[in-house]
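Visitor: Show me the folded form of this:
(chains A and B)
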Amino acid sequence: MLRSLTRLSGFSASRIGFQQPAVARISIASFHMGTRPNAVSVSTSTATSPSTPLPPPMAASIPKSDISTTTANATTAQGTDAGPVTGASSEQLGGEEEDKNTQDDAESAASGFAEFTPVSPEQARSLTQNPILSQLVNTIMKDGKKARAQRFVADALLEIRSRTQSDPYHVILDALELASPILKLTAIKKGSKVLQVPTPMTERQRRRKAIVWILEASDKRKGEKQLKDRLASEFLAVVNGNSGALVKKNQLHKMALANRANASLKY
Amino acid sequence: MAHRFLASTPLLRTSLSLTARARAAVPAQYANYVTASAVVMAGGKAKKAAPKVKAQSNSFRKKKAADDDKGESGSGGATRLNEKYYKPSIPVKVEEFLPSTATKEHVGQVLGFPSTVVPALAQTAYPTLLNEQFELIKPAALVVRDSTVSFLEKVDEAMKTPSAQSRIVLTGEAGSGKSALLLQTVSHCLSAGWIVIYVPKATSWMNSSFAYNKVANTTSFVQPLLASNLVGQIQNVNKSILDKITTSETATVGRHEVEKGTKLSALLEVGVKDQFAAQDVMEVFMKEIGAQKDIPTLVAVDEVNSFFRPTQYLSQDGKELDPEHLKLSKLFLNYISGKSTFKHGAIVAATSDTLLANKSEVLDVALGVKEVSPYKRLSQTILPWTQGLTSVEVPNYTREEAKGVFDYYKKANIFFDAASEPLFLNKFITSNGNPRKFFTACAKGI
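Guide: Here you go, the predicted structure:
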């Protein structure tokens, strides 16, 4: 997988037929990795020396996301405010938050979805600043109607919150992670045969695939007319383990496993 | 005999397969005939799910509304929900909004409706957009504002004066808290022991959603079901108080005779049971409560702008009716305009900007909210009803009030960002303190 990643970075440049300027390459890389443009040292090493194995995405040098800490503060604050009646549940919440923090740390090494260092803490769930939410908004947007798409996402988030009484942002992160495939199948012609070669995807590509599948699955929902209801139901279905998006992901993974021999082919 | 049907042209023209056509060709009385062998076979095949033969019909097929096979939990009976995210809803702890707590010291605090008042408020629906907020955060609670405290003082002063002197209309921009202030007034008066007649959606009286009948030999129309519903609501809200008041003379309501000395709750019962007597019941009821001085009356009408514009009902000539042509609306218009009065009480109304089509230019001009060219012709039939109304403007949140609401939203887990001062400022400034926009900014982030 790492080898295929390195091959991808070298291959795509020659395939496209022009060398992207170093600055642009750095900025694109830093966007995907969620770092600020100042953190050049990490990205230049990946861009200019493909032979060395890449560090896993979202290297540990990036500070931990503020989101989990703020929610931990929020729950402790809530615990003191609410009083004895809700004390038990807030302890549970606090415990769950701690588990989530450690889980996030473990997960952040594997995938970058939870890893977003906001410029300021109040921008953590902003529809315009948060790259994950803004990608979701942009994927839903049609004909340039961004405000409409933002309304859909905001309403869906509120709907998730009212059904689960928990942070909808984390539900969305979890759902996107669960539904995103780790590679795609590229068709190449070897002689006369068309072979499917599993190739890796960038974080953004993976996320987009997950969003598109979730949107398609939500369109098939009967009984719920509005997009916000369907979208909320679909995110929750993914998180609960039964959604058309998960089925598609598993199918793709199976096909990739079947064609794993082709991964070592040179083309 | 079947072959004659098979060969017939209508069937040939269909797109059915041969087997389907054969089945369809069999006349009904033969199709349903069950032989003994069929019964025996059915016993053996009981476990196999037999596929139904559905002849393709071109008629409109109703879609099942309750098609909950694939809910968010899953198909079939086994529902596995991710416990990490599904948490029980914990109602927010708030103090009660009582006459003792609606004071300057509590400005900025969010207080919930008292437990004695909530069943009364449940008789009528909450205003539409407020209801969305109350559905989201339970229990229903509103913030005590400067305008609340000053307005409730005004209402308390009106307790000992005739209602014709206290006819107040709450005005302000869209989402500024007019309906909320009206709700707080209703709650305050219910706690204080007033008789309260609360109409949350006056638009539903005028938008032809209730049946109407013409009264013989007059130009008026009666809405029996609406009157009956209203009578029932008033009775449920004020039951204990109305037991103390009795009618002062015999009255004829519809086909019934109501003797002198009957309790007002019994009088209202007549209107609940017989909708065609309900209009007369309302008129007698309003007269009786207006005549007594012991218990003050509050008439609270939301979306009052629909009282001052043509209704969506049509007369027999096809012309739009004015509210004064509907007997129930005219009864209320008399009290709103001061033509009739309660000996002790107040009339409080609130305008609504929810639907642009419902705006009443006449009312806006009369209250001084809007200015039009003096050459513009305003409806001369509606204008006289607006004389003598006082306007109270409901402003946007002050910073203190907004901070209290912000803390309440954080406690209620409406948003999950850290409740920091920059975040509060962000929401407050972008919404300009407008309560509805502030809620949208906090809850949705847009």
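Visitor: phi, psi of B:Ser360?
Guide: phi -110, psi 110 (degrees, to the nearest 10).
Visitor: I'd like the distance between it and chain A.
Guide: Distance, B:Ser360 to chain A, by C-beta to the nearest C-beta, to the nearest Å: 30 Å. Where C-beta positions appear, they are placed from N, C-alpha and C, glycine not excepted.
Visitor: Where do the helices of the stretch 51-200 of chain A begin and end?
Guide: Secondary structure of the stretch 51-200 of chain A (DSSP state H, counting those that start in this stretch): helices located at A:66-82, A:87-110, A:131-140, A:146-164, A:168-179.
Visitor: residues touching B:Ala346, list them.
Guide: B:Val155, B:Ala158, B:Met159, B:Ser163, B:Ser166, B:Arg167, B:Ile168, B:Pro296, B:Thr297, B:Leu298, B:Val299 (C-beta atoms under 8 Å, 6 or more residues apart in numbering or on different chains).
Visitor: Next up, phi/psi of it, please.
Guide: Torsion angles, degrees, to the nearest 10, at B:Ala346: phi -150, psi 150.
Visitor: Okay, and the beta partners of it?
Guide: B:Leu298 (DSSP bridges).
Visitor: and the residue lying closest to B:Glu320 once chain neighbours are set aside, which of the three is it?
Guide: Distances taken as C-beta to C-beta, 6 or more residues apart in numbering or on different chains put B:Pro310 closest to B:Glu320, at 4.1 Å, once the chain neighbours are dropped. Following DSSP: H, G, I helix; E, B strand; the rest coil, we place B:Pro310 in the coil state.
Visitor: What's the separation between B:Pro310 and B:Leu356?
Guide: 15 Å (C-beta to C-beta, to the nearest Å).
Visitor: so where do the strands sit in chain B?
Guide: Ranges of strands within chain B are B:110-112, B:141-143, B:167-171, B:195-199, B:213-214, B:221-222, B:251-253, B:256-258, B:297-302, B:345-350, B:390-393, based on DSSP state E.
Visitor: What strands flank the fifth one, and is each parallel or antiparallel?
Guide: So the one you mean is strand B:213-214. When DSSP bridges is applied, strand B:213-214 pairs with strand B:221-222 (antiparallel).
Visitor: and the strand it pairs with, how far out from the chain's middle?
Guide: Chain-centre distance of strand B:221-222: 22 Å, with C-alpha atoms, centre = their mean, to the nearest Å.
Visitor: got a list of contacts for that strand?
Guide: B:Tyr212, B:Asn213, B:Lys214, B:Val215, B:Gln279, B:Tyr313, B:Leu321, B:His325, B:Leu326, B:Lys327, B:Leu328.
Visitor: who does the closest residue to the fourth one other than its chain neighbours bridge with?
Guide: Closest residue to B:Val215 apart from its sequence neighbours, by C-beta to C-beta, 6+ apart: B:Val222 at 5.6 Å. Beta-bridge partners for B:Val222, by DSSP bridges, are B:Asn213.
Visitor: So, low pLDDT: which residues of chain A?
Guide: A:1-119 (pLDDT under 70).
Visitor: circling back to that earlier point, okay, B:Pro310 and B:Leu356: which has more neighbours?
Guide: B:Pro310 (17 against 7; other C-beta atoms under 10 Å in any protein chain shown).
Visitor: Would you quantify the distance from that one to B:Ile336?
Guide: 17 Å.
Visitor: what would the contacts of B:Ala346 look like in CSV with pLDDT?
Guide: Shown next, in CSV, are the contacts of B:Ala346 (pLDDT from 0 to 100):
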residue, pLDDT
B:Val155, 95
B:Ala158, 91
B:Met159, 92
B:Ser163, 93
B:Ser166, 93
B:Arg167, 95
B:Ile168, 96
B:Pro296, 95
B:Thr297, 95
B:Leu298, 96
B:Val299, 97
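Visitor: Save the residues you listed as CSV, and put in distance to A:Arg208 too.
Guide: Putting these into CSV (distance: C-beta to C-beta, whole Å) gives the following:
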residue, distance to A:Arg208
B:Val155, 58
B:Ala158, 62
B:Met159, 64
B:Ser163, 64
B:Ser166, 62
B:Arg167, 60
B:Ile168, 56
B:Pro296, 64
B:Thr297, 63
B:Leu298, 58
B:Val299, 58
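Visitor: So which of those is the closest to chain A?
Guide: Taking C-beta to the nearest C-beta as the measure, chain A lies nearest B:Val155 of these, at 32.3 Å.
Visitor: Neighbours of residue 183, how many?
Guide: As the question left the chain open, I've gone with chain A. 19.
Visitor: try chain B instead
Guide: B:Leu183 has 26 nearby residues by other C-beta under 10 Å.
Visitor: My guess is it contacts B:Pro127. True?
Guide: Yes. Counting by C-beta atoms under 8 Å, B:Leu183 does reach B:Pro127; the two are 7.3 Å apart.
Visitor: Point out where the stretch 151-300 of chain B drops to low pLDDT.
Guide: For the stretch 151-300 of chain B, counting by pLDDT under 70, not a single residue falls below.
Visitor: Alright, that wraps it up for me.
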